[in-house]
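# Predicted model follows, preceded by the sequence.
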Amino acid sequence: MSFLQVQDIHHTYFTKASVTTALSDISLTVEEGEFVSFLGPSGCGKTTLLSIISSLLKPTQGTVLLENKPVSTSKNEIGYMLQQDYLFPWKTIEENILLGLKLSKRLNEKTKLAALSFLSQIGLKGVEKQLPKQLSGGMRQRAALVRTLATEPKLLMLDEPFSALDYQTKLKLEDLVSRTLDEFGKTAILVTHDIGEAIAMSDRIFLFSSKPGKVHKIFEMPEELKRLSPFEARNHAAFQGVFQAIWKEMESLEPRKY
Ligand SMILES: Nc1ncnc2c1ncn2[C@@H]1O[C@H](COP(=O)(O)OP(=O)(O)OP(=O)(O)O)[C@@H](O)[C@H]1O
């Protein structure tokens, strides 16, 4: 049985002004320890699907099972890393990274030590007592990663976590996040518009089409790319071939008008 099972999901938004079918007929599985990406044009329902998988939104139809059970919102089963770091500006970095543990009543000497030592492992030693505004964007995202992993979620949702960063910081963070998730053996879903990022980081890519959102095609990454860090993968000969195959498929979904 797969770690995550998304079965026959349909979702329609009903508002006073409109009825929008955001997702239709979505079935997919993710294995434990796997890193997958949801790639697709704006409005194809990626965020809606993340919300449904996280159990924050009830689908019009279908089920989601994590380790064969419905996802519980109360057990910190899902961890998030988002475009914005959502660190509380009035709390220190240490207070921010320990907050999830505190709220879930799991803060003790052992968990605190583990979170702080992880902070120093990813190059943030010495910033514990600083406020978020004293850190760069990349440092804040690293702190957000520590906060997310501190509560030991089973599944990580990475919703465009690098899109607000400059290109070099983004490449460095891709490597760091990938290495960290490998070390922790975490399962992750990345939502992105960036084909290169999806190829560099993923084991598999789900390419979505829109109106309504559907899984159009699944791309399994070549073994030689999977073994490499994202930075190395971007520089491997196989990278361009995969990029072109996905690009071609995306162009067929949304033909250029210019
Ligand atoms: N709360 C809502 N009420 C009504 N319609 C919604 C709501 N949220 C999303 N939609 C619609 O559902 C469709 C899918 O939206 P969603 O935000 O899931 O797509 P997305 O792929 O995440 O987009 P983006 O990449 O721009 O973030 C869109 O047509 C959107 O307008």
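On my side now, so go ahead.
# Can you give me the distance of Phe184 to the ligand?
To the ligand, Phe184 is 26 Å away according to C-beta to the nearest ligand atom, to the nearest Å. Backbone N, C-alpha and C define where each C-beta goes, glycine included.
# sorry, that was for Leu207
In terms of C-beta to the nearest ligand atom, Leu207 sits 12 Å off from the ligand.
# Please, where are all the strands along the stretch 101-250 of the chain?
Taking DSSP state E, counting those that start in this stretch as the criterion, the stretch 101-250 of the chain carries its strands at 155-159, 187-192, 204-209, 214-220.
# Would you tell me which one of those is buried the most?
strand 187-192 (a mean of 23; mean count of other C-beta atoms under 10 Å).
# Looks to me like Ser80 is in a strand.
One correction, residue 80 is Tyr, not Ser. Yes: Tyr80: assigned to a strand according to DSSP: H, G, I helix; E, B strand; the rest coil.
# what sits up against stretch 232-245?
Leu171, Ile195, Gly196, Ile199, Ala200, Phe219, Met221, Pro222, Glu224, Leu225, Leu228 (C-beta atoms under 8 Å, 6 or more residues apart in numbering).
# Buried ones among these?
Among the contacts of stretch 232-245, those scoring as buried are Leu171, Ile195, Gly196, Ile199, Ala200, Phe219, Met221, Leu225, Leu228 (criterion: 16 or more other C-beta atoms under 10 Å).
# Quick check: closest non-adjacent residue to the last one.
Spelled out, that is Leu228. His236 (6.1 Å; C-beta to C-beta, 6 or more residues apart in numbering).
# Just give the number of residues close to the one you found.
Residue crowding around His236 was assessed by other C-beta atoms under 10 Å; the count is 17.
# Also Asp8?
Residue neighbour count, defined by other C-beta under 10 Å, stands at 12 for Asp8.
# model confidence over the helix or strand hosting it, on average?
Using DSSP states H and E, Asp8 sits within strand 4-14. When pLDDT is averaged over strand 4-14, the result is 97.
# Going by neighbour count, list what's buried in whichever helix or strand comes after that strand.
Using DSSP H and E, the helix or strand that follows strand 4-14 towards the C-terminus is strand 19-30. By 16+ other C-beta under 10 Å, the buried positions in strand 19-30 come out as Ala22, Leu23, Ser24, Ile26, Leu28, Val30.
# Could you dump the residues you listed into TSV with distance to Gly213 added?
What follows is these, written out as TSV (distance: C-beta to C-beta, whole Å):
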residue	distance to Gly213
Ala22	6
Leu23	5
Ser24	7
Ile26	7
Leu28	12
Val30	17
